[in-house]
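S.K.: no FASTA, just this:
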């Protein structure tokens, strides 16, 4: 279906919402849009909410490696970024991606709920929830 994101420039964070069936191609297109965003270099944190996905079966180890290659096509694209993924069904897949990408600079943690992820990133739960809801509603 879709991956949508919104950058909060003043907070230097990007919020990302995945919804529905997400193919590897959809993910790759999202990464290319994200790293092409003029605000990407100044971003220090990312909150990725995966609670609304229904299928990510097309994303395996090879696709994760390709995603890492896309991120690394931009110098220092991942350097010093903190990434919090909020996942349920995709928890272990998200955890594996975090393991694979960590050597390239970001700190990646996977959480079961938004409140803990927000604590990790130092952001307000109400702000994060509102933004994620707006992203999902915008479809």
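M.R.: Structure received. None of the values given here were measured: they were computed from a predicted structure.

S.K.: Can you tell me the SS state at the residue most central in space within the chain?
M.R.: Centroid-nearest residue in the chain, with C-alpha atoms, centre = their mean: residue 48, separated by 3.7 Å. State at residue 48, reduced to three classes by DSSP: H, G, I helix; E, B strand; the rest coil: strand.

S.K.: for it, what are its contacts?
M.R.: Residue 48 makes contacts with 16, 18, 83, 84, 85, 86, 94, as judged by C-beta atoms under 8 Å, 6 or more residues apart in numbering. All C-beta atoms are positioned from the backbone trio N, CA, C, and that covers glycine.

S.K.: Could you single out the nearest of those residues to residue 52?
M.R.: residue 18 (6.6 Å; C-beta to C-beta).

S.K.: from the middle of its chain, how far away would the helix or strand that that closest one is a member of be?
M.R.: According to DSSP states H and E, residue 18 maps onto strand 13-21. Taking C-alpha atoms, centre = their mean, to the nearest Å, one finds the center of strand 13-21 at 7 Å from the center of the full chain.

S.K.: Name the residues that touch it?
M.R.: Against strand 13-21 from outside (C-beta under 8 Å, 6+ apart): 1-8, 30, 34, 39-40, 43-50, 52-56, 121, 123, 128, 131-132, 135-136, 139.

S.K.: Among those residues, which ones are in helices?
M.R.: 30, 34, 121, 128, 131, 132, 135, 136 (DSSP state H).

S.K.: TSV please, covering the residues you listed and showing neighbour count and distance to residue 66.
M.R.: Output for those, formatted as TSV (neighbours: other C-beta atoms under 10 Å; distance: C-beta to C-beta, whole Å):
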residue	neighbour count	distance to residue 66
30	19	13
34	21	15
121	19	26
128	22	28
131	21	28
132	22	26
135	21	24
136	16	26
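
S.K.: Just name the closest of those to residue 79, please.
M.R.: Taking these together and measuring to residue 79 by C-beta to C-beta, the closest member is residue 34, at 14.8 Å.

S.K.: Distance check, residue 129 against residue 38.
M.R.: 27 Å (C-beta to C-beta, to the nearest Å).
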